[in-house]
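Student: okay, sequence plus prediction incoming.
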Amino acid sequence: MKDKLLITFSGGRTSAYMTWWLFNEWEDRQNWDKLVVFANTGKESEGTLFFVDECANEWNIDIKWIEGYPSEIGKGWSVNHKLVTYETASRNGEPFEAMIKKLGIPFQSAPFCSPQLKTAPIKKYLKSIGWTKYYTAIGIRYDEQKRINKNYKKQRIIYPLVEFNPVTKNQIKQWWDLQSFDLDIHPDDGNCVCCWKKSFNVLARIMERSPKSFDWWQQMIDEYGTSKHKSYEGDIQSFYRGNKSINDIREMAKLSQAELKQINLFEPLDGCSESCEAF
């Protein structure tokens, strides 16, 4: 009987390469039932969505698109999964807003967006198809081992690009340079475009280049910014570290790179500046 392997596709080049390698080059690939899942929050760039669909079509790989929405029963957050496609996927933050409406704004001390918009709906979907015992493949590279989950063995997580096929960011870039297609987005726009886990350097660059990208995030703060988190109940909560407002980021966009670098020295990242893993 084959073991089951969940392949988490974040929508970036690394997880895409990992998916291709597991299906085409992995010596043990025939011994696994493989399932590829992409969890859509509704705030990924259009280029990311197109890339996920293009990978599926070019490589003839079935990628399941999942969105998470709250159950209508009860006051708490109970996730229902929804299967969508490239054509029907949310593009205006609908899953994200549904979560915020129930739980409030996610931020550094309450980073629940990935667990609730990715992990929980994926697990709900797997349960619906009878997958209760499986391994999970995550696209972390050899040059980012600091991001490896310390409990990965207990949680049945594997890191193919560390354990079986060690590669670095530069090696993956070289591989993609040889392919017939690639991820066509600005380097700063990976994951949710204005993700609060990105550095202020990145956010300031996005603000300078595409200020309207922040409109939805400001709308969420305006409508749901009164914190529901028990430690901050009643406060106006922003997404960004230090409770910086979007107007603060707008002011940062006017600063020099040297000045921004000083700000970032005092605002350490959460380890998810390049990708936001579901597990």
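Tutor: That came through, no problem.

Student: please make it C-alpha for all contacts and neighbour counts, starting now.
Tutor: Will do.

Student: first-to-last residue distance for stretch 109-129?
Tutor: Chord length of stretch 109-129, first to last residue, is 34 Å (CA to CA, to the nearest Å).

Student: when you give positions from now on, start the count at 3
Tutor: Renumbered: residue one is now 3, and that last one reads stretch 111-131.

Student: I'd like the average pLDDT over that stretch.
Tutor: Mean per-residue pLDDT for stretch 111-131: 93.

Student: which of the residues in that stretch are buried?
Tutor: For stretch 111-131, a neighbour-count test (16 or more other CA atoms under 10 Å) marks 114-116, 118-124, 126-128 as buried.

Student: care to break this protein down by domain?
Tutor: Structural domains assigned to the chain are 5-187, 191-267, following automatic domain parsing.

Student: residues in contact with whatever helix or strand Glu225 lives in?
Tutor: Here Glu225 is covered by helix 217-226, with elements defined by DSSP states H and E. Helix 217-226 is contacted by residues 95, 99, 102-103, 106-107, 196, 238-241, 248 when judged by CA atoms under 8 Å, 6 or more residues apart in numbering.

Student: rewinding a little: now render the domains of the chain as CSV, adding distance to Cys278.
Tutor: CSV is the format used below for the domains of the chain (distance: least, CA to CA, whole Å):
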stretch, distance to Cys278
domain 5-187, 7
domain 191-267, 7
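
Student: I'd say Leu163 and Arg143 touch.
Tutor: Yes: counting by CA atoms under 8 Å, Leu163 does reach Arg143; the two are 5.1 Å apart.

Student: shared neighbours, the two?
Tutor: Contact with both Leu163 and Arg143 is made by residues Val169, according to CA under 8 Å, 6+ apart.

Student: I figured Phe109 hits Lys246, correct?
Tutor: No: taking contacts as CA under 8 Å, Phe109 lies outside contact range of Lys246: 10.6 Å.

Student: output the contacting helices and strands for the helix or strand encompassing Leu51.
Tutor: Element membership of Leu51 [criterion: DSSP H and E] is helix 48-61. Helices and strands touching helix 48-61, as assessed by 3 or more CA pairs under 8 Å, 6 or more residues apart in numbering; DSSP states H and E, comprise helix 15-26.

Student: just the buried positions in the helix it packs on, please.
Tutor: Within helix 15-26, the residues that count as buried by 16+ other CA under 10 Å are 15-25.

Student: hmm, back to that, more neighbours: which of Phe109 and Lys246?
Tutor: Set side by side, Phe109 and Lys246 give different neighbour counts by other CA atoms under 10 Å, the larger being at Phe109 (19 against 13).

Student: which non-adjacent residue is nearest that one?
Tutor: Distance criterion CA to CA, 6 or more residues apart in numbering; nearest residue to Phe109, sequence neighbours excluded, is Phe241 at 4.8 Å.

Student: so how far is Val38 from the one you found?
Tutor: 30 Å.

Student: of the two, who's got more company?
Tutor: Set side by side, Phe241 and Val38 show more neighbours around Phe241, with 24 against 18, by other CA under 10 Å.

Student: all helices of the stretch 153-281 of the chain, in order?
Tutor: Listed in chain order, the helices of the stretch 153-281 of the chain (DSSP state H, counting those that start in this stretch) span residues 162-165, 171-179, 202-211, 217-226, 248-254, 259-267.

Student: excluding its backbone neighbours, what's nearest Glu279?
Tutor: Ser12 (6.7 Å).

Student: wait, a strand at Val38?
Tutor: Yes: assignment of Val38 by DSSP: H, G, I helix; E, B strand; the rest coil places it within a strand.

Student: in contact with it, which residues are there?
Tutor: With contact taken as CA under 8 Å, 6+ apart, Val38 is in contact with 8-11, 21, 64-66.

Student: cutoff 6 Å now
Tutor: Residues touching Val38, when contacts are defined by CA atoms under 6 Å, 6 or more residues apart in numbering, comprise 9, 65.

Student: for it, name its beta-bridge partners.
Tutor: Ile9, Ile65 (DSSP bridges).

Student: since that was my last question, I'll sign off now.
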